[in-house]
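J.: Mind looking at a prediction? Sequence and model below.
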Amino acid sequence: MEGSSIPLAFNVVKKCSTSRARLGILKLPHGTVTTPIFMPVGTKGSLKGLTTEQISETGCKLMLCNTYHLANEPGGEMVDQAGGIHDFMNWSGNVLTDSGGFQMVSLSKICNISEEGVTFESVYRPGDKILLTPEESINIQNLIGADIIMALDDVVDIKETDHQRFVQATDRTTRWLDRCIAAHKKPDRQALFPIVQGGLSHELRIKSLTELKKRNMLGYAIGGLSGGEEKDKFWKIVNLCTSEEHGLPETKPRYLMGVGYPVDVVVCIALGVDMFDCVYPSRTARFYTALTRQGPKRLKNSRYKGYDGPIEIDCNCYTCKNYSIGAIRALIGKDIVSFRLITLHNIHFMIQLCRDAQYAIKNDIFAEFAVRFISNYLGNDDSYSNGVGGGEVDFSWVSDALGSVKINFNNNF
């Protein structure tokens, strides 16, 4: 797969002496990126409520756009005619596009999956049907022109109870990868990542890992997680996919798809993951929740009425430098700017969290950083928000996950 002209180069420049955390340099066509990195999600070429200038001000160097939605509106051809996704959205940074595979789960009620591909009923034009094959997914991504593109995979809802469906999806994902490789017309300009599948089965994950590594790709993704599975099962699959015995190559970037809760990110950095994306920072902003190192703050809470301090005292994002919590709270429900301000802060927070992790790895204090961050984050007395409903939340998985890479975390929550 790798040739004389490649669109991606990755080097691990420092490893944590305790865990698997690593500091990396990822060279892409639109600039160099330091890992670990968080990628905000701009579904249709924009992050809801924000301009590209505002996204850039958060420190973002690499963002994700959605192939399925861009293919429908405005269409891959239109993006191509505009000069590609970077010109289309006036973005000088790097872009990663997903393959459209996740829509097999999110739009499962209106899609049908076969060996040929996945047929969707259009959510844009009722009555129309769209056939997304591996070849068409790559063709659309070639037109869009992202720096990193993803192979179409057969994605199964992680809560599916039919084991044979996961067997089928694991094997099909490998077959579809070969079709994606054959269809890829711009291997010198766009790095193609395959996606490890296999559900919660260690046997199927090892099978997928083995087959995908044979293709010697420029980078790899771990898919099919963060769909409501138990956290104890979640981290063990990530751990398997980054392990020395069965895991992804140490010399290639490892991308954990759809994971963006702050605690999950820090734990998975410890396990050896380099790249993350998630809608969580922007989606939780729509519910007026701001992310801080002391945990999430629900700004509609009456305790913040008239509060004249920023969301986070030492945060240098635009929101914290210019607005108090009280001022933002006064705008909630009255002006869309409140959502935008919280979104700006949350995206900045996630990018800064990864920068803090980079600094900690570089100075070999990552174990201390991870324990301190998670302890502070979980110790917040606003009810904890980690994608879990109300009631007691068991954080023993954090202790177990960090303990597996020799980081001692005492679970006091």
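T.: In hand now; what should we look at? Numbering: from 1, shown residues only.
J.: so what's the nearest residue to residue 169 once chain neighbours are set aside up against?
T.: If the residues on either side of it in the chain are set aside, residue 169 comes closest to residue 154, at 3.9 Å by CB to CB, 6 or more residues apart in numbering. For every residue, glycine as well, the C-beta is placed using N, CA and C. With contacts defined as CB atoms under 8 Å, 6 or more residues apart in numbering, residue 154 is in contact with 101, 104, 113, 168, 169, 170, 172, 173, 176, 197.
J.: How about the longest helix along the chain, which residues are buried there?
T.: For the chain, the helix with the greatest residue count under DSSP state H is helix 337-362. Buried residues in helix 337-362, counted by 16 or more other CB atoms under 10 Å: 338-354, 356-358, 360-361.
J.: can you pull the contacts of residue 194?
T.: Per CB under 8 Å, 6+ apart, neighbours of residue 194: 151, 153, 173, 177, 180, 212, 215, 217, 220, 221.
J.: Please, where are all the helices along the stretch 51-200 of the chain?
T.: 52-57, 67-72, 76-81, 85-88, 103-106, 134-144, 163-183 (DSSP state H, counting those that start in this stretch).
J.: I'd like to know which of the ones you listed lies nearest to residue 377.
T.: Smallest distance to residue 377 across the helices of the stretch 51-200 of the chain (CB to CB): 24.2 Å, for helix 52-57.
J.: pLDDT weak spots in the stretch 1-150 of the chain?
T.: Scanning the stretch 1-150 of the chain for pLDDT under 70 picks out 1-4, 103-110, 123.
J.: Run a quick neighbour tally on the nearest residue to residue 96 once chain neighbours are set aside.
T.: Sequence neighbours aside, residue 148 is the residue nearest to residue 96 in space, at 4.1 Å (criterion: CB to CB, 6+ apart). Residue 148 has 28 neighbours, counted by other CB atoms under 10 Å.
J.: do the same with residue 189
T.: Residue 189 has 16 neighbours, counted by other CB under 10 Å.
J.: From residue 206, how far out is it?
T.: To residue 206, residue 189 is 33 Å away according to CB to CB, to the nearest Å.
J.: if we can go back for a sec, just list whatever residues bridge to the residue nearest to residue 96.
T.: Beta-bridge pairing of residue 148, defined through DSSP bridges, involves residue 96, residue 191.
J.: before we move on, what SS does residue 293 have?
T.: State at residue 293, reduced to three classes by DSSP: H, G, I helix; E, B strand; the rest coil: coil.
J.: Surely it is in contact with residue 311?
T.: No. Using CB atoms under 8 Å as the test, residue 293 is too far from residue 311 to be in contact (10.8 Å).
J.: Comparing the two, which residue is more hemmed in?
T.: Neighbour count, other CB under 10 Å: between residue 293 and residue 311, residue 311 has more, with 24 against 17.
J.: how close does the more buried one sit to residue 405?
T.: Applying CB to CB, the value for residue 311 to residue 405 is 31 Å.
J.: and if you look at residue 54?
T.: Distance of residue 54 to residue 405, computed by CB to CB: 36 Å.
J.: which residues in the stretch 201-350 of the chain form strands?
T.: Taking DSSP state E, counting those that start in this stretch as the criterion, the stretch 201-350 of the chain contains strands spanning 220-222, 254-256, 275-277, 289-290, 297-298.
J.: what's the neighbour count on residue 404?
T.: 17.
J.: which ones are touching it?
T.: Residue 404 makes contact with 235, 239, 271 under the criterion CB under 8 Å, 6+ apart.
J.: rerun that using 7 Å as the cut-off
T.: residue 239 (CB atoms under 7 Å, 6 or more residues apart in numbering).
J.: Backbone dihedrals for it, both of them.
T.: Phi and psi for residue 404, reported as degrees, to the nearest 10, are phi -70, psi -20.
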